[in-house]
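Enquirer: Just the structure for this:
(2 chains)
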Amino acid sequence: GQQLNQSPQSMFIQEGEDVSMNCTSSSIFNTWLWYKQEPGEGPVLLIALYKAGELTSNGRLTAQFGITRKDSFLNISASIPSDVGIYFCAGQTSGTYKYIFGTGTRLKVLA
Amino acid sequence: ETGVTQSPTHLIKTRGQQVTLRCSSQSGHNTVSWYQQALGQGPQFIFQYYREEENGRGNFPPRFSGLQFPNYSSELNVNALELDDSALYLCASSSTPDMSGELFFGEGSRLTVL
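Expert: Sure, this is the predicted structure:
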């Protein structure tokens, strides 16, 4: 099935470091969502973006809706061990009902 | 506020059998979407239900079907199970069907087909 390109695929970082990940698409999206998923659980919504260029924060997390509307970025500042998990982006085009998800970025934080 | 709840959490079936998965949407949400998440992949859209009707469908065969009830809860039915149907099935609810809205997921039903 169709999936968005997310990079990096995985990251191992030290506690306290900042993290950046991105998601790219060949299609233009009207909405970007960012999720975190932990083992055995469903994805949890972190941030929603609705406008090109929009920058939105949620605590230590900041996400941006790319100007071209074909990409989005998520940054995590001062990472902590509980940030461990898989981060997914999801995009939706106008007039469709489905979200297309990315391939995921696996984050591991070393204390 | 009650979140999205799914049942069962785990189940094992054999090839050719049929399965029904259930979902209760978040309080105040009238739209339910179902996604399939294979191991190591992102979720894939199966279909969406709004006002008890299928409102959009992904690239899944007709043996994947669903229902939505007047209380907005939903079922996903899969007939003639195949080994590749083994996956985490996620239900997500939202407050509107086609506006850019936020999806809230349940914990999922883990299906294993032997």
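Enquirer: Give me the nearest residue to the most centrally placed residue in chain B, chain neighbours excluded.
Expert: When C-alpha atoms, centre = their mean is applied to chain B, the residue found nearest the centroid is residue B:34 (3.0 Å). Distances taken as C-beta to C-beta, 6 or more residues apart in numbering or on different chains place residue B:46 nearest to residue B:34, at 4.3 Å, with adjacent residues excluded. Where you see a C-beta, it was placed from the backbone N, CA and C, and this is true even at glycine.
Enquirer: Tally up the residues packed near the one you found, please.
Expert: Residues near residue B:46, counting by other C-beta atoms under 10 Å in any protein chain shown, number 23.
Enquirer: where does chain B have its least confident helix or strand?
Expert: Using mean pLDDT, DSSP states H and E, strand B:53-57 stands out as the lowest-scoring helix or strand of chain B, at a mean of 91.
Enquirer: Mind giving me the packing neighbours of that one?
Expert: strand B:44-50 (3 or more C-beta pairs under 8 Å, 6 or more residues apart in numbering or on different chains; DSSP states H and E).
Enquirer: Could you report the separation of residue B:59 from residue B:52?
Expert: Distance, residue B:59 to residue B:52, using C-beta to C-beta, to the nearest Å: 23 Å.
Enquirer: buried ones in the least confident helix or strand of chain B?
Expert: B:55, B:56 (16 or more other C-beta atoms under 10 Å in any protein chain shown).
Enquirer: Name the strands paired with that strand and say parallel or antiparallel.
Expert: In its sheet, strand B:53-57 lies beside strand B:44-50 (antiparallel), with partners assigned from DSSP bridges.
Enquirer: Can you name the residues bridging to residue A:5?
Expert: The partner residues for residue A:5, given DSSP bridges, come to residue A:24.
Enquirer: What's the local residue count around it?
Expert: 14.
Enquirer: Pull up the residues of chain A that are close to chain B.
Expert: Residues of chain A lying near chain B by C-beta under 8 Å from any C-beta of the partner chain: A:1-4, A:30-31, A:33, A:35, A:40-45, A:48, A:50, A:88, A:90, A:92, A:94-104.
Enquirer: Now with 7 Å, please.
Expert: A:1, A:3, A:30-31, A:33, A:41-43, A:45, A:48, A:50, A:88, A:92, A:96-99, A:101-104 (C-beta under 7 Å from any C-beta of the partner chain).
Enquirer: for residue A:82, helix, strand, or coil?
Expert: helix (DSSP: H, G, I helix; E, B strand; the rest coil).
Enquirer: That one and residue A:38: what is the separation?
Expert: On the measure of C-beta to C-beta, residue A:82 and residue A:38 end up 9 Å apart.
Enquirer: Low-confidence regions, chain B specifically.
Expert: B:1-2, B:97-100 (pLDDT under 70).
Enquirer: interface residues of it facing chain A?
Expert: So chain B meets chain A at B:42-45, B:48, B:55-56, B:58-59, B:90, B:97-98, B:100, B:102-108 (C-beta under 7 Å from any C-beta).
Enquirer: Just the buried subset of the residues you listed, please.
Expert: Using 16+ other C-beta under 10 Å, the buried ones in the residues of chain B next to chain A are B:42-45, B:48, B:55-56, B:58, B:90, B:97-98, B:100, B:102-108.
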